[in-house]
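S.K.: here is my input; please provide its structure:
(one chain, ligands or ions: 2)
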Amino acid sequence: MSDLPQPRISDLARADGPPPSYLDGLNTEQRRAVEATEGPVLVLAGAGTGKTRVLTTRLAHILATGRARPWELLAVTFTNKAAREMRHRITAIIGPQAEGLRWLGTFHSVAAQILRRNAELVGLKSSYTIIDVDDQERLIKQLLAAENIDAKRWPPKQLAGLIDHWKNRGWTPDKLPPAEGAHFANNRGGALYAMYQDRLRVLNACDFGDLLLHNISIFTGHPDVLAEYHDRFRYILVDEYQDTNVAQYLWLRLLAQKRQNVCCVGDDDQSIYGWRGAEVDNILRFERDFPGAEVIRLERNYRSTEHILAAASGLIAANKGRLGKTLWTDDKGGEKVQVRGVWDGEAESRLIAEEIERAHKDGRHYVDMAILVRASFQMRAFEERFVLLQIPYTVIGGPRFFERAEIRDAHAYLRLVQSPDDDLAFERIVNVPKRGIGDTSVAKLLQVARANGVSATLAARGIVGTDEITARTRTALSTFLRDLDRWRSLRDSMPHARLLETILEESGYTDALRLDKGPTSQTRLENLKELVQSMGAFDTLEAYLEHVSLVMDLDRGAGDDAVQIMTLHGAKGLEFPLVFLPGWEEGVFPSQRSIDEKGEKGLEEERRLAYVGITRAREVARVSFAANRQVYGRWTSQLPSRFVDELPLASVEAASETGYYGGGPGMQETRSRWDDQPEFGSTYSSPGWKRAQNRGFTPRDARTVIEGEGKLVATSDPTSAGAFKRGDRVFHQKFGQGKVTAVEGNKLTVAFDHAGEKKVIDTFIQPA
Ligand code: ATP
Ligand code: MG
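M.R.: Residues are numbered from 1 along each chain as shown. Ligands and ions are numbered 1, 2, ... in the order given. Model (predicted):
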C-alpha cells in the first residue's frame, strides 16, 4: 500500500476530553450508531431520521479518533450527487483531510477503480474502456448476425436486458443457471452471453454491469488480492442499503468478511429499484451473514412537520411486505398535506406555477421548491409554463422535455414537413427509424446538396434517379420522399396534432419504439403522446414550431436559484422545504405498467415511491390530480390515485381556495369549474406567452414549396451544370472510367468500361 504520511487529528477526540462537537445534537440512538465503530451495524430507519447524517458523522468520527486514515475507509452511496454531498458534509466537520477519501463514491465508481488495478486478473488491461448502452447493443447485434439469429425475432435489446439482469444477480456465464439461458433464441442465451463476454475481452472493454461482476471474480478467484483489500478497508459504510442488488451485496460481503466493520443504513419502505434488481431481502440477509450485528432503529424524524410525516406513515401502512416502524417528530403544527383536484394537466401546471410565484414573492428561493413526477412526460406542462412565466427551473437527472431525443426527432419531422429546406431536420431523421439509408448514402447525398447549393431533400430527389446509391437505398429513399410529400399535402387539411400522430405511425417511428425492448422505450412513447396532446393548444403548425424554438431558446442557463424538477426516483435521499406532487391519478401513479407487469409487488413498490415523495418535504407537501388528460387528442377521464384515498384524513386538507377543487380523500369525483378555464381548448393566451411574443420573437421563414421529382437541374450550381457533354471520357469514384452517353442537367448517363451503363451525378465525376 502506498500510504502517505498524514497528520492524525485523534487528539481532537481523546477519550478523557469533552465529546467532540460533531456529536452534539445527535440523539441517543444516532450517537450509538456513530460510536459503535467496531463490528457490523445495521441502521434500519424511516425517512428523515438522520441515517445519512449518522453515516457522515460516523465517517468523521472514525477519522477524528484516529481509527483509520481517509484512504482506509470505503464509503458507498447510490448516486454521484449523494457522494458529492457526503464529501461536502464531511469536509464541513473535519476540514481538508476529507480530500483523502479516495474510496468514497458509488458502487460503480469504486468498483471501476479496483478493476483498474487488477484488470489483468480477468483478462483485461488496466486501460480498459467502459462501453455505453449503444455500444453494448451494437456488439450484441454483431454477435447475433454472426450466429445467424434473426434480430427481428430476438431483439438485441432484449438480450442486453437479460445480460444486465444476470450481471445484477452476480452470474458470470459459467455460473448462469441453465434455465435462465432458455429465455433467448431457443436456449442459446447462455452461450451468447459467454460469447459477448469474450468479445468484450478482445476489445479490452467492459460494460457497466461488469464492473462489479469482475470485482467479484477477482476477489473469489484471488484470495491474496482480496486479503489486500481486507487490509486496506478498515471500515465500510453504505447508504441507501435497501436498494443494493445481489451483485452489490456479494461484493460488500466479500470485502467486509474479515474485519466485519461494516455499517449499512437503509429503509425498507424506500426500496424503489426492484426493477433494477434491488432486493429488500438483503436487509434480512445482513443479520444472517453478519451474526451478532447490532441493529439500530431511529424513530425521530428531523426533516418534516407532523402532518407530512403522518400522511406518509399512514400511506405506507397499506403495504403488507414491510418490516414496520414508528416515526415521530417534534415539529408540531404546520400545513396539512394539501390535496387538489384540477380539471386537466394544464390547469395543474398553472396552479402549481402560480403557487411557486406566490411563494417566491413571499421570500422563498426557487431552489427550495421541487416538483416530483412519476414519469418524465409529466414534466412538459411544467417546463412550458415556467418558460412562459419566466420562472427559472432545472431538470435534475435527465434532459429537459424538449431536449429529449424522441421529442427532437418528432420536431425534425414536423420541421421538414413545414420547411423542405431544413437540412438539419432531414439529416436527423432520414434514417430514423432505420429505413436502410446508411451513413455513406447520407454523406453522399449531403455532398451533392453542398456541391449544387441545394437542400438535402432536393439532392435526394435527384439521387434516387441514379445509380449512385444501391437499389435498396434508392427504394428506401423514394419511399421516404413520397411519405414526406404526402404529409405535406395533409398539412393544411389535418389538425397538426393528428398530423404528427400520422407521421409517427406511418414513418414506423412508434412501431420501432413498441418493438424496442429497451428500458426507455415506454417512457419515450409516453413523451410522444404527451407531445401530440400538447400541440392542440396551437392554431397552426407554424405557430407551434415557433413556440418550440422559443422554448428551446429560453430553456437554458437557469442559474443556481431554480425550481427543481425531477422524477420521484431521482429525489431519493434529498429534501426540500416545498414539494409538489402532481399527477396522482390511477394509471399515472401508480403506474399502470408497474401493476400490469408485477401485480401486487409492483403496486407496493409504487406506494414506496409515494412514500419517498411525501417524505422529501420539510414544510409543505401538495398533492394534485387531474380529472382529465388528453391522450392522442381524445379526452379521457382520470380517477384519482388510490394513494390519495390512502392518505390519513386527519393530516390532509382539501385546498378549496384554489377554486378548482372538487373532492378530498375518499371522494372519487372532481367538480371542475369550466368558467375558471378561459383558455381551455383555445390557443395559448396566457400573459407570459404574450410577453414572450412581445419580446421580438419573429416567426421562422417557413417555406412550403414542394419540389417535384428530379428537378435538381433547375437549381444546380451553374459552374458545375453543363460541365460534361456527350462523348466525354470521365472518371467516377465508384464505377471507374467511362464515356458519357447522355446529359440531363447534372445527371449523366455514362457507359462505364467495367460497371456498364449507369446514371450518375456530376458531383462525383471528373474528366478522365
Ligand atoms: P432519507 O431516508 O430520506 O435518506 P435520512 O434518514 O438519511 O433520510 P437525513 O437526510 O440524514 O435523513 O436527515 C434528515 C434531516 O434531518 C437533515 O436535514 C438532517 O440534517 C436533519 N437531522 C438529522 N439528525 C438530526 C439531529 N440529531 N438534529 C437535528 N437535525 C437532524
Ligand atoms: Mg439519507
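S.K.: could you check the distance from the residue nearest the centre of the chain over to ligand 2?
M.R.: Centroid check for the chain by CA atoms, centre = their mean gives residue 398 as the closest residue, at 5.0 Å. Distance of residue 398 to ligand 2, computed by CB to the ion, to the nearest Å: 21 Å. C-betas here are computed from N, CA, C, even on glycine.
S.K.: what residues does that residue make contact with?
M.R.: 376, 566-567, 570 (CB atoms under 8 Å, 6 or more residues apart in numbering).
S.K.: excluding its backbone neighbours, what's nearest the residue of the stretch 401-550 of the chain found nearest ligand 2?
M.R.: Ligand 2 sits closest to residue 519 of the stretch 401-550 of the chain, with a gap of 25.3 Å, by CB to the ion. Nearest non-adjacent residue to residue 519, counting by CB to CB, 6 or more residues apart in numbering: residue 161, 7.0 Å away.
S.K.: how close does residue 21 sit to residue 735?
M.R.: 82 Å (CB to CB, to the nearest Å).
S.K.: again but with residue 159, I slipped
M.R.: For residue 159 relative to residue 735 (CB to CB), the value is 40 Å.
S.K.: ok, residue 466 - contacts?
M.R.: Residue 466 sits in contact with 747, 758-761, where contact means CB under 8 Å, 6+ apart.
S.K.: can you give me the buried ones in stretch 258-270?
M.R.: If you call a residue buried by 16 or more other CB atoms under 10 Å, then stretch 258-270 has these buried ones: 259-270.
S.K.: specify which member of these is nearest to residue 548.
M.R.: residue 270 (37.3 Å; CB to CB).
S.K.: just confirm the closest one contacts residue 47, I think it does.
M.R.: Yes - counting by CB atoms under 8 Å, residue 47 is a contact partner of residue 270 at 6.3 Å.
S.K.: please enumerate the shared neighbours of these two.
M.R.: 611-612.
S.K.: can you list the residues of the stretch 301-450 of the chain near ligand 1?
M.R.: 302-303 (CB under 6 Å from any ligand atom).
S.K.: apologies, that question was intended for the chain.
M.R.: Going by CB under 6 Å from any ligand atom, the residues of the chain near ligand 1 are 25-27, 30, 47-53, 267, 270, 302-303, 573, 575, 615.
S.K.: circling back: tell me which element the residue nearest to residue 519 is part of?
M.R.: helix 156-168 (DSSP states H and E).
S.K.: I'd like the mean pLDDT over stretch 369-383, please.
M.R.: Averaging pLDDT along stretch 369-383 gives 94.
S.K.: same check on stretch 231-242?
M.R.: 96.
S.K.: over to stretch 393-413?
M.R.: 87.
S.K.: that older thread, tally up the residues packed near the residue of the stretch 401-550 of the chain closest to ligand 2, please.
M.R.: 14 (other CB atoms under 10 Å).
S.K.: and it, its phi and psi?
M.R.: Dihedral pair for residue 519: phi -70, psi -20, per degrees, to the nearest 10.
S.K.: ends of stretch 284-298, what's the gap?
M.R.: Taking CA to CA, to the nearest Å, stretch 284-298 runs 17 Å from one end to the other.
S.K.: around ligand 2, pick out the residues from the chain.
M.R.: 51-52, 573 (CB under 5 Å from the ion).
S.K.: redo that, cut-off 8 Å
M.R.: 47, 51-53, 55, 82, 239-240, 265, 572-573 (CB under 8 Å from the ion).
S.K.: picking up where we left off before, can I get the helix holding residue 161 in CSV, CA atoms only?
M.R.: Taking Å, rounded to 0.1, in the frame of the first residue of the first chain, the C-alpha atoms of helix 156-168 are listed here in CSV:
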residue,chain,number,x,y,z
PRO,A,156,-30.5,-7.3,-29.3
LYS,A,157,-32.0,-5.0,-26.7
GLN,A,158,-33.8,-8.0,-25.1
LEU,A,159,-30.5,-9.9,-24.8
ALA,A,160,-28.8,-6.8,-23.4
GLY,A,161,-31.5,-6.6,-20.8
LEU,A,162,-31.1,-10.2,-19.9
ILE,A,163,-27.4,-10.0,-19.6
ASP,A,164,-27.8,-6.9,-17.4
HIS,A,165,-30.2,-8.8,-15.2
TRP,A,166,-27.8,-11.8,-14.9
LYS,A,167,-24.9,-9.5,-14.0
ASN,A,168,-27.1,-7.8,-11.3
